[in-house]
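Q: The following block contains a protein sequence and its predicted model.
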Amino acid sequence: MRRTEYLFDLADWLTDPPSGGPIQMWVVGAGLSALVSLYGILCCLTQRATTLNITMRGFQPIGRGLWLEISGIHAITFGFVIVCIGLFMHFQWFWGNHKRLFPFHEVAKYCAALGLVVAILAHAYTMITQT
């Protein structure tokens, strides 16, 4: 499979209504999304975050080792990114599998995706200008 086909399949999977039932609704839509969102909120409140160190070629390494610890405004913007991912998961797999909330899950999911784009841009901006 070519890389572009994989990206299109991933985009289709994220934009299509969920096909799972109550188990997917509660395990992914409630449980996993709550854990992700709580970690993001914790990053914002404590202004500390731990993430994978994925230094790209051509850039100076931010830190050594597998884990990267960030603090201050960087951790806050990273926390907003994580909260938006958790909200997207919740709207996609909880609201998308709920009978009464299903009509609203598309709008909520795309609002969370828009928030994710804004949070990523804010995080990138702070990492570039404040480092």
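A: Arrived safely, thanks for sending.
Q: which residues in the chain form helices?
A: Applying DSSP state H to the chain gives helices spanning 3-15, 22-24, 33-46, 73-93, 102-129.
Q: between the last one and helix 33-46, how many degrees?
A: For helix 102-129 against helix 33-46, the angle between stretch directions is 40 degrees (axes from the mean of the first three to the mean of the last three CA atoms, to 10 degrees).
Q: If you count contacts, what does helix 102-129 end up packed against?
A: With contacts taken as 3 or more CB pairs under 8 Å, 6 or more residues apart in numbering; DSSP states H and E, helix 102-129 sits against helix 73-93. The C-beta positions use only the backbone N, C-alpha and C, and glycine is treated the same way.
Q: elements contacting the helix it packs on?
A: Using 3+ CB pairs under 8 Å, 6+ apart, helix 73-93 sits against helix 33-46, strand 48-52, helix 102-129.
Q: circling back to that earlier point, from the helices of the chain, which stretch is densest packed?
A: Ranked by mean neighbour count, the helices of the chain are led by helix 73-93 with a mean of 22 (mean count of other CB atoms under 10 Å).
Q: Return it as PDB; C-alpha atoms alone will do.
A: In PDB, the C-alpha atoms belonging to helix 73-93 read as follows (Å, rounded to 0.1, in the frame of the first residue of the first chain):
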ATOM      1  CA  ILE A  73       3.900  27.800  28.000                       C
ATOM      2  CA  HIS A  74       5.200  24.900  25.900                       C
ATOM      3  CA  ALA A  75       3.500  22.400  28.200                       C
ATOM      4  CA  ILE A  76       0.300  24.500  28.300                       C
ATOM      5  CA  THR A  77       0.000  24.600  24.500                       C
ATOM      6  CA  PHE A  78       0.900  20.900  24.300                       C
ATOM      7  CA  GLY A  79      -1.900  20.200  26.900                       C
ATOM      8  CA  PHE A  80      -4.400  22.000  24.700                       C
ATOM      9  CA  VAL A  81      -3.300  19.800  21.800                       C
ATOM     10  CA  ILE A  82      -3.900  16.700  23.900                       C
ATOM     11  CA  VAL A  83      -7.300  18.000  25.200                       C
ATOM     12  CA  CYS A  84      -8.500  18.600  21.600                       C
ATOM     13  CA  ILE A  85      -7.500  15.100  20.600                       C
ATOM     14  CA  GLY A  86      -9.400  13.700  23.600                       C
ATOM     15  CA  LEU A  87     -12.500  15.800  22.600                       C
ATOM     16  CA  PHE A  88     -12.300  14.600  19.000                       C
ATOM     17  CA  MET A  89     -12.200  11.000  20.300                       C
ATOM     18  CA  HIS A  90     -15.100  11.600  22.600                       C
ATOM     19  CA  PHE A  91     -17.300  13.200  19.900                       C
ATOM     20  CA  GLN A  92     -16.400  10.600  17.300                       C
ATOM     21  CA  TRP A  93     -16.800   7.400  19.300                       C
END
